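> just coords:
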């Protein structure tokens, strides 16, 4: 298929989408504002492990990577509840079905698996250090900033998988009167602490 598809964002969602489209024969250009996470690997940081459920595995199964993901996962069959009043412990399973549970997997390692698989396809080009700064939703022209230079590219189909502060979403919001849609975003006040227990 000659249709050029542009995916903005090469995280879990973007790399999985690019892989799926590549397997279907589309020509895909993926643009990611970060550097290649496989080269500049951060073992610690703000990203906690991903809880991979049956639905997530079904998505990976579509591209043939479910078994590979399970190889680097740890099954989580439930949670241990510690009573505040006494030392009583109680176990709460994540599923009512005995053979069903969720799997803890490193987001970074899963992203590496997906990117490695994506790059096996000649009909996919992945561009790191390319930040989407503008999108003309009428012409499909994207403006990317790369090391101080502006690069312009076009896509006949454009997917925004560039996270919570999506530049693609912002471009559509600026022209919401044309597309006639509403959008709202709320941020949680809660946070989390990450505790790493080395092997």
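Arrived safely, thanks for sending. Small disclaimer: the values here were computed from a predicted structure and weren't measured.
> which residue ranges form the strands in the protein?
4-8, 27-31, 50-52, 74-76, 78-82, 89-93, 102-105, 124-127, 131-136, 141-146, 149-154, 157-160 (DSSP state E).
> make JSON lines out of the ones you listed and add mean neighbour count.
Heads up, the C-betas are built off the backbone N, CA and C, glycines and all. Output for those, formatted as JSON lines (neighbours: other Cβ atoms under 10 Å):
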{"stretch": "strand 4-8", "mean neighbour count": "23"}
{"stretch": "strand 27-31", "mean neighbour count": "24"}
{"stretch": "strand 50-52", "mean neighbour count": "18"}
{"stretch": "strand 74-76", "mean neighbour count": "12"}
{"stretch": "strand 78-82", "mean neighbour count": "11"}
{"stretch": "strand 89-93", "mean neighbour count": "10"}
{"stretch": "strand 102-105", "mean neighbour count": "18"}
{"stretch": "strand 124-127", "mean neighbour count": "18"}
{"stretch": "strand 131-136", "mean neighbour count": "18"}
{"stretch": "strand 141-146", "mean neighbour count": "17"}
{"stretch": "strand 149-154", "mean neighbour count": "12"}
{"stretch": "strand 157-160", "mean neighbour count": "18"}
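> any chance of those in TSV, plus mean pLDDT and distance to residue 194?
As requested, these are exported to TSV (pLDDT from 0 to 100; distance: least, Cβ to Cβ, whole Å):
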stretch	mean pLDDT	distance to residue 194
strand 4-8	96	28
strand 27-31	97	28
strand 50-52	90	13
strand 74-76	91	16
strand 78-82	85	17
strand 89-93	86	22
strand 102-105	92	13
strand 124-127	98	28
strand 131-136	94	27
strand 141-146	96	31
strand 149-154	96	36
strand 157-160	96	28
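> can I get those strands in a markdown table including distance to residue 64?
Below are those laid out as a markdown table (distance: least, Cβ to Cβ, whole Å):
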| stretch | distance to residue 64 |
| --- | --- |
| strand 4-8 | 19 |
| strand 27-31 | 17 |
| strand 50-52 | 16 |
| strand 74-76 | 21 |
| strand 78-82 | 29 |
| strand 89-93 | 29 |
| strand 102-105 | 17 |
| strand 124-127 | 16 |
| strand 131-136 | 29 |
| strand 141-146 | 30 |
| strand 149-154 | 29 |
| strand 157-160 | 21 |
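> which one of those strands lies closest to residue 175?
Closest to residue 175 of these is strand 131-136 (Cβ to Cβ; 9.3 Å).
> could you list the paired strands of the closest one along with their orientation?
strand 141-146 (antiparallel) (DSSP bridges).
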